[in-house]
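# Make a model of this:
(one chain, ligands or ions: 1)
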Amino acid sequence: MLSLSIRQISRKLKDGALLPSDVCAACLYQAEKLKTLNMFVRLTKEVAEIQAKEADSRCLLDGIPVAVKDNYCTLNVETTCSSQMLENFKPQYNATMVQKLQNAGAVLLGKCNMDEFAMGSGTVDSIHGPSKNIWQSGKCATSIEHVHSVKVKCREFYQLSPPSSKGSCSTVEEDDWFIAGGSSGGSAVAVASGTVFAALGSDTGGSTRNPAAYCGVVGLKPSYGLLSRHGLIPLVNSMDVPGILTRTVDDAVTLLNVLAGYDPLDSTTIRDDFIPLDLSQDIDISKMRIGIPQEYHCPGISDEVLETWSEVADILEKAGAEVVSVSMPHTPSSIACYSVLNQCEVASNMARYDGIEFGLRTAENRSTEELYASTRSQGFNEIVRGRILAGNYFLLQRNYSQYFVQALKVRRLIAQDFARVWSSGIDVLLTPTTLTDAPRYSQFISRDNREQCASQDYCTQPANMAGCPAVTIPIKLSKQGLPLSLQLMSQNYRENLLLAIARWIESVVDFPHLELDI
Ligand code: GLN
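Okay, here's the model as predicted:
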């Protein structure tokens, strides 16, 4: 049951073959069983049981268990952002995304683990401890025969290289497991492990796509402004978007159709009526122009990722698509530019946590200034504090034009790279999502947050600069038996085309899924 897609489970719920309360109980059981993966910050069992009881199979997500990252405000349910600063914060309202899920009949199973305030790319910097990847965790089985038959099928049709994965599922040393990716790592593990059928992440520079890629699920970053950010605790307002994590592209479409649209509570949402996506017609891939941006071939990229990238480009070409190399010359400047803009907006956004309004307040009572200082130094981790300090430095009057204004100009150049590619007739860009498969925990933490973000976000964050939609889809397993994924990007608001191509690729590669009901 837990391996089914939303579409499949919906059908069973609608025709009465399954009851919402049984599905909810199975998911709660799975969450308990996989507790050591640390995907949830909090299970919302009572809320879920009530919602499951009320499900009446009239709405799109009726009775479907979902989870949301712990930076979405949930009415009367703690929303911690994985930070001591908000450890006891209970919002008095639901984020628009949470409300829309609820209105569509979804069952909220829990709040998912993340890097503190969504700053990171590993889900290793959380007051709740790190999340672990389910792949190679010893908690699941990969369908070995399936892996081989799929590879054989692909090889015959498209002359792919021989299967690299043994599809094994050995347990990694207790203290040296594979990371889930971040910052929405808990959401990705919850979906990959069959604990929920969909989850919300957030994506400022790649935080939905990165963990989705490492955990072998679909991760969609919609166009900026298509989904409301109201009640999503901000990281970088000009780049943040709610992210969607599902097991299939079709399920991502279902979620997008539930969530998209104008919200009077978020002035940055677009006002045009949202026309629900319809992927009922199969796309004619031979009419597509696929761009391969040469600058995404960057230092540190693994041979396996490169191989996967060219295999899928070949598959598209053999199916008749025009696959062309394109240049996006400002891509290498994106990381530096992002980091300046990120820190400037962080410095401004984090000013609200003063010990008075939200969450933590230390016992310091010598002066208001001392209260602010002690609350902020105790409440934030080193990464958040570092970004606040750097941001305030960039925003000093004497530095403002040299850093902040300069970074805005570079951001414009990056967006223009995308605009040029679209106007040359490219439909979608095909790139890696991450440079390697999931690293081990020990290897990941041997570099600091800044260094990790610089390589982890290389392929993902230019899309946030331009606001364009991007989706990651799992393609195959690496030699270590971990997911390898690729990213597609399209022009803003062309999610229909983007997801139609993603679904075509998904159907051809037929990524091996985990056996979850064990
Ligand atoms: N890794 C990036 C950062 O730490 C992106 C985070 C995100 O997308 N939320 O800023």
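# From now on I want contacts and neighbour counts done on CA atoms only, so please keep to that.
OK.
# which residues in the stretch 301-450 of the chain form helices?
303-318, 334-349, 368-379, 382-394, 400, 406-423, 441-445, 449-456 (DSSP state H, counting those that start in this stretch).
# Of those helices, flag the one that's most buried.
helix 334-349 (a mean of 21; mean count of other CA atoms under 10 Å).
# So for that helix, mean pLDDT?
Helix 334-349 carries an average pLDDT of 97.
# now the angle between helix 382-394 and it, please.
Calculated by axes from the mean of the first three to the mean of the last three CA atoms, to 10 degrees, helix 334-349 forms an angle of 90 degrees with helix 382-394.
# Let me know the angle separating helix 334-349 from helix 449-456.
Using the same axes, to 10 degrees: helix 334-349 against helix 449-456 is 130 degrees.
# same for helix 334-349, what does it pack against?
Contacts defined by 3 or more CA pairs under 8 Å, 6 or more residues apart in numbering; DSSP states H and E place helix 334-349 against helix 382-394, helix 406-423, helix 461-466.
# Val218 is nearest to which of these?
Closest approach to Val218 among the helices and strands packed on helix 334-349 (CA to CA): helix 461-466, 16.6 Å.
# and the closest one, does that touch the ligand?
No. Counting by CA under 6 Å from any ligand atom, the ligand is not contacted by helix 461-466; separation bottoms out at 7.5 Å.
# How about stretch 103-114?
No. Applying CA under 6 Å from any ligand atom, one finds stretch 103-114 out of contact with the ligand, separated by at least 9.2 Å.
# and that stretch, how far apart are its ends?
25 Å (CA to CA, to the nearest Å).
# Please apply the same query to stretch 11-18.
Using CA to CA, first and last residues of stretch 11-18 are 9 Å apart.
# likewise stretch 417-434?
First-to-last distance for stretch 417-434 - CA to CA - comes to 21 Å.
# quick one: contacts of it?
By CA atoms under 8 Å, 6 or more residues apart in numbering, the surrounding residues in contact with stretch 417-434 are 209-210, 213, 288-293, 296, 305-306, 309, 313, 326, 328-330, 456-460, 466, 472, 485-491, 497-498.
# Centre of the chain to that stretch, how far?
Distance of stretch 417-434 from the chain centroid (CA atoms, centre = their mean, to the nearest Å) equals 20 Å.
# do the same with stretch 71-78
Remark: stretch 71-78 is offset 19 Å from the chain centroid, using CA atoms, centre = their mean.
# will you turn the helices and strands packed on helix 334-349 into TSV that also has mean pLDDT and distance to Ser339?
Output for those, formatted as TSV (pLDDT from 0 to 100; distance: least, CA to CA, whole Å):
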stretch	mean pLDDT	distance to Ser339
helix 382-394	98	9
helix 406-423	98	9
helix 461-466	97	10
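# Okay, the most centrally placed residue in the chain and the ligand: tell me how far apart.
Using CA atoms, centre = their mean, the residue of the chain that lies closest to the mean C-alpha position is Thr208, 1.1 Å off. Noted for Thr208: a distance of 7 Å to the ligand, by CA to the nearest ligand atom, to the nearest Å.
# Please tell me how far that residue sits from Ala419.
Distance from Thr208 to Ala419, counting by CA to CA: 23 Å.
# Also Thr433?
According to CA to CA, Thr433 and Ala419 sit 20 Å apart.
# re the thing from before, which among the helices of the stretch 301-450 of the chain is found nearest to the ligand?
helix 449-456 (4.7 Å; CA to the nearest ligand atom).
# and the closest one, how far from the chain's centre?
With CA atoms, centre = their mean, you get 16 Å for helix 449-456.
# Tell me which residues are up against that helix.
Counting by CA under 8 Å, 6+ apart, 120-121, 210, 300, 335, 383, 434-435, 444 sit against helix 449-456.
# Check stretch 477-488 too.
Under CA under 8 Å, 6+ apart, the answer for stretch 477-488 is 135-136, 164-169, 213-216, 304-305, 308-309, 428-434, 436-438, 470-476, 498, 502, 511-512.
# Just those: which are in strands?
428-432, 470-476 (DSSP state E).
# Against the ligand, which of those residues make the cut? List them.
Counting by CA under 6 Å from any ligand atom, the subset of the ones in strands among the contacts of stretch 477-488 that neighbours the ligand is empty.
# Residue numbers of the stretch 401-518 of the chain in contact with the ligand?
Within the stretch 401-518 of the chain, the residues that sit near the ligand (CA under 6 Å from any ligand atom) are 453, 457.
# Flag the shaky bits of the stretch 401-518 of the chain, pLDDT-wise.
Scanning the stretch 401-518 of the chain for pLDDT under 70 picks out 517-518.
# what does the chain give?
Applying pLDDT under 70 to the chain flags residues 142-175, 517-518.
# Validate this expectation: Val68 resides in a strand.
Yes. Secondary structure of Val68 (DSSP: H, G, I helix; E, B strand; the rest coil): part of a strand.
# Let me see the contact set for the residue nearest to it when sequence neighbours are not counted.
Excluding the flanking residues, the one nearest Val68 by CA to CA, 6 or more residues apart in numbering is Leu200, at 4.6 Å. Contact analysis of Leu200 by CA under 8 Å, 6+ apart lists 67-69, 187, 242-245.
# What strand or helix carries Pro211?
Assigned by DSSP states H and E, Pro211 belongs to helix 209-215.
# following that helix, which helix or strand comes up?
On the C-terminal side of helix 209-215, the nearest following helix or strand under DSSP H and E is strand 218-221.
# Distance from that next one to the middle of the chain?
Worked out by CA atoms, centre = their mean, strand 218-221 lies 6 Å from the chain centre.
# same for that strand, what does it pack against?
Contacts defined by 3+ CA pairs under 8 Å, 6+ apart place strand 218-221 against helix 209-215, strand 241-246, helix 249-259, strand 470-477.
# need the residues of this protein near the ligand, please.
Residues of the chain lying near the ligand by CA under 6 Å from any ligand atom: 118-121, 183, 203-207, 453, 457.
# I'd like those residues as CSV, with secondary structure and distance to Gly16 appended.
Output for these, formatted as CSV (DSSP: H, G, I helix; E, B strand; the rest coil; distance: CA to CA, whole Å):
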residue, secondary structure, distance to Gly16
Ala118, helix, 40
Met119, coil, 43
Gly120, coil, 43
Ser121, coil, 41
Ser183, coil, 37
Asp203, strand, 36
Thr204, coil, 40
Gly205, coil, 42
Gly206, coil, 39
Ser207, coil, 37
Cys453, helix, 47
Asp457, coil, 44
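# quick one on the thing from earlier: pick out the most distant pair among the contacts of Leu200.
The span of those, defined through CA to CA, is set by Ala67 and Pro242 at 13.0 Å.
# and the gap between the residue nearest to Val68 and Leu477?
With CA to CA as the criterion, Leu200 and Leu477 are 24 Å apart.
# Of the contacts of stretch 417-434, keep whichever come out buried.
209-210, 213, 288-293, 296, 305, 309, 313, 326, 328, 330, 456-460, 466, 472, 485-491, 497-498 (16 or more other CA atoms under 10 Å).
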